[in-house]
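Trainee: kindly generate the corresponding structure for this input.
(chains A and B)
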Number of protein chains: 2
Amino acid sequence: MNSASTSNLTDRLAALRRDVEAALARVLDRLDAPPAITAPLAYALQGPGKRLRPCLTLAAAESVADRLGLTVEHAHALAMPAACAVEMIHTYSLVHDDLPAMDNDDLRRGRPTTHVVHGEGMAILAGDGLLTDAFRVLAEAPSSAVDQAAPVAPAERRLEAVRLLAEAAGSRGMVGGQAIDLAAVGAGASLDAASLADMHARKTGALIRAACVLGAVMTGAPAREREAIDRYAAELGLAFQIVDDILDVEGSAEALGKTAGKDAAAGKPTYPALYGLDESKAMAAACIRRAHEALDAVEIGGLLHDIADWSLTRTS
Amino acid sequence: MNSASTSNLTDRLAALRRDVEAALARVLDRLDAPPAITAPLAYALQGPGKRLRPCLTLAAAESVADRLGLTVEHAHALAMPAACAVEMIHTYSLVHDDLPAMDNDDLRRGRPTTHVVHGEGMAILAGDGLLTDAFRVLAEAPSSAVDQAAPVAPAERRLEAVRLLAEAAGSRGMVGGQAIDLAAVGAGASLDAASLADMHARKTGALIRAACVLGAVMTGAPAREREAIDRYAAELGLAFQIVDDILDVEGSAEALGKTAGKDAAAGKPTYPALYGLDESKAMAAACIRRAHEALDAVEIGGLLHDIADWSLTRTS
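Mentor: Below is the predicted model of the structure:
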């Protein structure tokens, strides 16, 4: 990717991120929750994140807009409740993951973590609230939670989005992956390559896949496009995890906004530890090649491709 | 209520509880989650609870069955995914509430709490899993999660159930009430009567209301019956909280299956502390009178009435 398209991608992601953050601010307003929970919840949600997952939801929605006869704006509007729900679930997972009983992290996105600022009990509750409210946003949005004037996906699509998101985030997906990770650390055991891949597919891969697929579901994309986007997302998710592990070795705390070298110090299994740095980089690049191929097979172009390329070169 | 009807109620609740527990066992099986999370999740879910909330869901469904032209069995089957989801959310809230950073309770339903057995991190994850999987059960059930042969409520009803349950359990409801409670304890402040009522309406009332209303929603009850059941449930929920506070003063740890006198010892505001024991008992009885009136106005009889009467005389 040359620097012109990098700059173009940066601008487009920044525009999507602004849209997502505006929608999340409306969600917070309309939750109508008591101040005791709104404060820690807003603190967690308003941290300076990349908003990668909701941007993927919007990018997937826009990738099928043309063939569905939708404008890009219409596709984004249909998918926005799902984008917000995905980001709320990602944010809750970070809040709970940072707790002393889990990863015990004091620094996240360059700021003190939620439990450091609001206390452990409130951080547990803020995470619980974000997780629960994510499903509320999917079920009631956009009529009241996100934007009253926005077009609404039919009930069948929204229920399917609830089902996919709950499966990806729940015991079979993200929570199951975190439990495998926690059990392995607790036992002082290191996972073998297959178990490491399974753990990551659940812990981070499942939500990235759901983020992308929900963009297709909310716009009403046919099965062929939806499955291609799912294959793309599975490859992107794995590449993302491998690059995370590489950055944990090579990156600086300043760029990452969190403690670097922490996984290695904790004796956690990582791709560089298992395969070495060079082989890990080659594995990530192969994932991204397969991600492009999945989209090419159904003639999807544009932003999803650019995000895949960026995922290899990112520094945070 | 005479002893014959008490015994009849006990038998009927026991039968509903067995149905709910069988359905929950099927849910656990079909989650297809890794063993690392299934073990703590099953431990939490399979404790010897009263299963009051899912029984309320089934009782509400059966209360409108006849006028909807449904058999009781059909009404129960339509409502069972909601009953399971409600119990999973209730169970998650107990697991998180018992954590050291929250109420720090070692004993629940007569057994060591989940974090005592499986560790704090796993208890946080088990709660997160139960909460997330509750929405999965509502969205995919009963086709795959509960019973493949059972009748399925239409997508609109199930999405409405997701919306109601998420609002009742989330930041505006249960989680918000817990945050108000935690903030008041942390500040060493005692809540006034209005704030105490608001806190309980969110913390325990909202889920009891949702439990009942979901029985009406899943069977497709008209608005008039649904609203009557909601009014019934609001009164029942308040009576339940007042009786809980009374039992915390008068009850024994053996009957309660948890530490007695704990709220008073923690300086938590309670109805007996605010109003005295006699006035608290009169308030609970008045709630139950209004609960009966709400049902009588739409000519709903049967089990919901009996549960209301039982709620005043229970000892645990």
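Trainee: dump the host helix or strand of A:Leu58 to CSV, keeping only the CA atoms.
Mentor: Element membership for A:Leu58 (DSSP states H and E) is helix A:52-63. Output in CSV follows, covering the C-alpha atoms of helix A:52-63 (Å, rounded to 0.1, in the frame of the first residue of the first chain):
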residue,chain,number,x,y,z
LEU,A,52,-11.5,-1.1,15.0
ARG,A,53,-14.4,-3.6,15.6
PRO,A,54,-17.3,-1.1,15.0
CYS,A,55,-15.4,0.3,12.0
LEU,A,56,-15.2,-3.3,10.6
THR,A,57,-19.0,-3.6,11.1
LEU,A,58,-19.6,-0.4,9.1
ALA,A,59,-16.9,-1.3,6.5
ALA,A,60,-18.6,-4.7,6.0
ALA,A,61,-22.0,-3.1,5.6
GLU,A,62,-20.7,-0.6,3.0
SER,A,63,-18.9,-3.4,1.1
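Trainee: for the next helix or strand after it, packing partners?
Mentor: The C-terminal neighbour of helix A:52-63 among helices and strands, as given by DSSP H and E, is helix A:72-97. Packing partners of helix A:72-97 (3 or more Cβ pairs under 8 Å, 6 or more residues apart in numbering or on different chains; DSSP states H and E): helix A:3-30, helix A:35-45, helix A:52-63, helix A:120-140, helix A:155-169, helix A:174-186, helix A:206-219, helix B:120-140. For glycine as for every other residue, the C-beta is placed from the backbone atoms N, C-alpha and C.
Trainee: any idea which helix or strand comes after helix A:72-97?
Mentor: Downstream of helix A:72-97, the next assigned helix or strand under DSSP H and E is strand A:107-108.
Trainee: flag the shaky bits of chain A, pLDDT-wise.
Mentor: A:1-6, A:141-149, A:188-189, A:252-268 (pLDDT under 70).
Trainee: now render the helices and strands packed on helix A:72-97 as CSV, adding mean neighbour count and distance to B:Val152.
Mentor: Output for the helices and strands packed on helix A:72-97, formatted as CSV (neighbours: other Cβ atoms under 10 Å in any protein chain shown; distance: least, Cβ to Cβ, whole Å):
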stretch, mean neighbour count, distance to B:Val152
helix A:3-30, 16, 30
helix A:35-45, 23, 34
helix A:52-63, 27, 27
helix A:120-140, 28, 17
helix A:155-169, 24, 11
helix A:174-186, 24, 26
helix A:206-219, 28, 19
helix B:120-140, 28, 10
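Trainee: nearest to B:Val249, out of those?
Mentor: helix A:120-140 (25.0 Å; Cβ to Cβ).
Trainee: does chain B have contacts with that closest one?
Mentor: Yes - counting by Cβ under 8 Å from any Cβ of the partner chain, chain B is contacted by helix A:120-140 at A:120-122, A:124-125, A:127-133, A:135-136, A:138-140.
Trainee: just to revisit the earlier point, now the helix holding A:Leu58, how far from the chain's geometric center?
Mentor: On the basis of Cα atoms, centre = their mean, to the nearest Å, helix A:52-63 sits 10 Å off its chain's mean C-alpha point.
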